[in-house]
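Q: sequence isn't available, so here's the structure alone:
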Ligand code: ATR
């Protein structure tokens with residue numbers, strides 16, 4: 001049977017096996033999907049061993065995405081832009097192809113929620129790996145403006161400079177931000193520390209769409225805060241997780257699974273509904 005897995009550390013709580021097993025059942029593909037948690041300095045060896053032993057493809061998650069970028073034979077254009085690889089496929093001619101489906105997953109999820117990106121003013125919070133992966137797919141949707149704000153401003157400036165050939169992207173400090181924005185995307189890891197990005201409450205209004213790339217069994221810190229200040233449309237990163245997986249599955253198997261039912265089952269599994 002064709003073998004796939006996700007590399008991460010820690011990875012025990014990953015939902016990827018659950019999601020890909022449902023995709024495989026739905027599309028009647030014969031495959032198995034597991035987990036691998038190599039020590040941080042043993043990822044390269046573990047990756048090589050997996051493919052030497054007949055593995056067909058893998059996902060890569062924190063903290064290995066940047067390292068995977070350096071280990072593959074060839075990069076897709078979107079992985080090259082993202083500077084990180086979350087999906088690897090062994091091609092028929094034996095080449096390890098590195099791809100990045102995170103940004104496509106974000107955009108697909110935003111669209112499935114009915115969020116309009118064309119001509120919109122988007123505020124992206126954070127300038128780490130997650131923000132980098134999102135920038136090209138977001139700019140491809142032709143927003144009127146995309147502003148990056150980050151605690152360490154120089155990192156936002158670097159990202160804006162790197163992506164400004166793709167669209168109207170600028171960097172501003174949290175203090176400089178002037179609304180109204182149509183969409184705020186939180187790509188920071190602040191909620192992992194139970195913290196909030198230092199955003200002025202005045203930027204939140206009833207018609208704004210709020211997206212947090214994080215998710216949990218209950219509202220993230222950021223979503224709770226945005227609701228308190230009047231946001232009516234809030235979305236967490238669970239849909240992005242399923243959409244990036246669907247995109248990876250399509251890369252591997254050449255067949256696109258449906259995501260709605262799988263997202264519902266995942267929510268049930270997590271106890272969200
Ligand atoms: P990821 O790959 O998930 O993006 P990362 O590369 O470590 O992770 O980036 C984390 C992002 O969250 C960074 O933009 C970080 O800001 P700094 O560049 O200033 O470190 C941001 N971040 C983390 N904790 C934060 C906090 N408490 N408030 C605001 N931003 C925070």
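A: Here it is on my side, so go on. Everything numeric here is computed off the predicted structure, so don't read it as measured data. Numbering: from 1, shown residues only.

Q: whatever residue of the stretch 101-250 of the chain ends up closest to the ligand and residue 88, how far apart?
A: Residue nearest to the ligand within the stretch 101-250 of the chain: residue 128 (2.0 Å; C-beta to the nearest ligand atom). Glycine gets a C-beta too; all of them are placed from N, C-alpha and C. From residue 128 across to residue 88, the span is 21 Å (C-beta to C-beta, to the nearest Å).

Q: who has more neighbours out of those two?
A: The residue with more neighbours, out of residue 128 and residue 88, is residue 88; 28 against 14, by other C-beta atoms under 10 Å.

Q: isn't that one right up against residue 61?
A: No - Residue 88 lies out of contact with residue 61 (C-beta atoms under 8 Å); the separation is 12.0 Å.

Q: returning to what we had before: show me the contacts for the residue of the stretch 101-250 of the chain closest to the ligand.
A: 155, 187-189 (C-beta atoms under 8 Å, 6 or more residues apart in numbering).

Q: redo that, cut-off 6 Å
A: For residue 128, no contacting residues are found, by C-beta atoms under 6 Å, 6 or more residues apart in numbering.

Q: state the phi and psi torsions of it.
A: Main-chain torsions, residue 128, degrees, to the nearest 10: phi -90, psi -160.

Q: pLDDT (mean, whole number) over the longest helix anywhere in the chain?
A: The single longest helix within the chain, with elements called by DSSP state H, is helix 238-253. For helix 238-253, mean pLDDT is 98.

Q: and whichever helix or strand comes after that helix, what does it pack onto?
A: Counting by DSSP states H and E, the element after helix 238-253 in chain order, helix or strand, is helix 260-270. If you count contacts as 3 or more C-beta pairs under 6 Å, 6 or more residues apart in numbering; DSSP states H and E, helix 260-270 packs onto helix 238-253.

Q: quick one: the helix it packs on near the ligand?
A: No - using C-beta under 6 Å from any ligand atom, helix 238-253 stays clear of the ligand, coming no nearer than 12.4 Å.

Q: who in the stretch 51-200 of the chain is up against the ligand?
A: 126-131, 150-152, 155, 187-190, 193, 195, 197.

Q: any figure for the gap between the residue lying closest to residue 200 once chain neighbours are set aside and residue 245?
A: Distances taken as C-beta to C-beta, 6 or more residues apart in numbering put residue 177 closest to residue 200, at 6.8 Å, once the chain neighbours are dropped. For residue 177, the distance to residue 245 (C-beta to C-beta) stands at 33 Å.
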